[in-house]
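Student: Mind looking at a prediction? Sequence and model below.
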Amino acid sequence: MSPKHVPLDVYKTNLTDMLEYLQQLGLGSDQIILITPPALDEQAWLKHCQEMGSSINRLNEVTGQYAKACWDVATERKVTCVDLWTAMQKEKDWQRYLDDGLHLSKEGSQFLAQYLVPLAQEGTNHLPIIFPLSEDVDPYKPEEALLNRNPTKDD
């Protein structure tokens, strides 16, 4: 077992406490997104652990229990949850989404982004644009676009 191990019941309590804290600060349930842990490629993680001089300290089945706990807390607290653990394993060759069997690779981050970006857009599309778009900023003189901005009536 990893020295970083958090028992499942403590994990659920910690998630609930964090959500309560964010909501006490004024964030609405529609402003919070939980993400389950990603799936674990046990073969790749075992290889990584052996290279580090240790034995395997995680199992995908157990990771699935934590993913379910995350989903359950999100459901109880009425917040959105991206079930990354399940979504990854529905993909062919899902192991490519992990660098070492545990941590997301670049491709894994892009996979997660395909779920997060629409949620972020949906949650923010009603907000005004207060900074210029990147294509409207001269990279050699960004202060002109950022500091001398004249707000329009749409702002």
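Tutor: Sure, I can see it.
Student: C-alpha only now, for contacts and for neighbours.
Tutor: Fine.
Student: Kindly list the main-chain dihedrals of the residue most central in space within the chain?
Tutor: Here the mean C-alpha position of the chain is nearest to the C-alpha of residue 35 (CA atoms, centre = their mean), at a distance of 4.8 Å. Phi and psi for residue 35, reported as degrees, to the nearest 10, are phi -130, psi 130.
Student: Just confirm it contacts residue 79, I think it does.
Tutor: No - between residue 35 and residue 79 there is no contact under CA atoms under 8 Å: 10.6 Å.
Student: list the buried ones in the helix-or-strand element of the chain with minimal mean pLDDT?
Tutor: Across the helices and strands of the chain, mean pLDDT, DSSP states H and E gives its lowest value to helix 142-147, namely a mean of 84. Using 16 or more other CA atoms under 10 Å as the test for burial, helix 142-147 gives residue 145.
Student: And for it, what's in contact with it?
Tutor: 131, 132, 136, 137, 138 (CA atoms under 8 Å, 6 or more residues apart in numbering).
Student: got those residues as TSV, with secondary structure columns?
Tutor: As requested, the contacts of helix 142-147 are exported to TSV (DSSP: H, G, I helix; E, B strand; the rest coil):
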residue	secondary structure
131	coil
132	coil
136	helix
137	coil
138	coil
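Student: As JSON lines, the residues you listed with distance to residue 116 and neighbour count would be great.
Tutor: Below are the contacts of helix 142-147 laid out as JSON lines (distance: CA to CA, whole Å; neighbours: other CA atoms under 10 Å):
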{"residue": "131", "distance to residue 116": "22", "neighbour count": "14"}
{"residue": "132", "distance to residue 116": "23", "neighbour count": "11"}
{"residue": "136", "distance to residue 116": "26", "neighbour count": "11"}
{"residue": "137", "distance to residue 116": "26", "neighbour count": "15"}
{"residue": "138", "distance to residue 116": "29", "neighbour count": "12"}
